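Chemist: Build me a model:
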Amino acid sequence: MTRIELNALLKMDCQGLVARLVMDFVLLTTAVEVAGRWRELAERLVKVSRQQMDAYEAPHRDKNGVVDSEAMWKPAYDFLVTWAAQIGDSYRDVIQELHMGIDKMKNPITKRWKHLTGTLLLVNCLEALRSSAFSPSSQDDYAI
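Modeler: So this is what the prediction gives:
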């Protein structure tokens, strides 16, 4: 999402939509980024049994009962969406908890993957961004 698109959505007073898009982006990109390590992340976020993890992978298994490594993001995404729904409606809480869970992993991806940290900063500033979207045009110079 570009600065112009974000600003347009905020000017239309669509902060909820912006937050939802940001959270969906975070969940999907995290699933792709952790892919084969999703089970480790799941264990860091919540108590989840091996049977539950197998259930997330089941729909994505091929005829031989294997989840292809390139498709491993799919059970990761399924898990993250389910987990996020259990956290509640607060996109800030979901992203913060996700960030902390990733940081607890062995060799956390947040050391080389800064997108999640940046997104966390963005969602914590959404109210200020929304306010600035309705400011007089002379203040449109602020960088977002």
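
Chemist: quick one: low-confidence parts of the chain?
Modeler: The chain contains residues with pLDDT under 70 at 1-4, 6-7, 10-11, 110, 113-114, 116-117, 120, 123-125, 129-130, 132-144.

Chemist: Show me the residue at the heart of it, geometrically.
Modeler: Geometric centre of the chain, nearest residue: V26, 2.2 Å, by CA atoms, centre = their mean.

Chemist: Hmm, it is touching R92, no?
Modeler: No. Using CB atoms under 8 Å, V26 makes no contact with R92, being 11.1 Å away. In short, each C-beta sits where N, CA and C put it, glycine included.

Chemist: Stretch 76-90: which residues count as buried?
Modeler: By 16 or more other CB atoms under 10 Å, the buried positions in stretch 76-90 come out as A76, Y77, D78, F79, L80, W83, A84, I87.

Chemist: does the fourth one really touch A42, like I thought?
Modeler: Yes. Judged on CB under 8 Å, F79 makes contact with A42 at a distance of 5.4 Å.

Chemist: any residues in contact with both of those two?
Modeler: Residues touching both F79 and A42 by CB atoms under 8 Å, 6 or more residues apart in numbering: V48, M53.

Chemist: Flag every buried residue along the longest helix anywhere in the chain.
Modeler: When the chain is parsed with DSSP state H, its longest helix is helix 15-34. Of all the residues in helix 15-34, those buried under the rule 16+ other CB under 10 Å are V18, A19, L21, V22, M23, V26, L27, T29, T30, A31, E33, V34.

Chemist: Where do the helices of the protein begin and end?
Modeler: Assigned by DSSP H, the chain shows helices spanning 3-11, 15-34, 38-45, 50-57, 73-87, 91-103, 115-124, 126-133.
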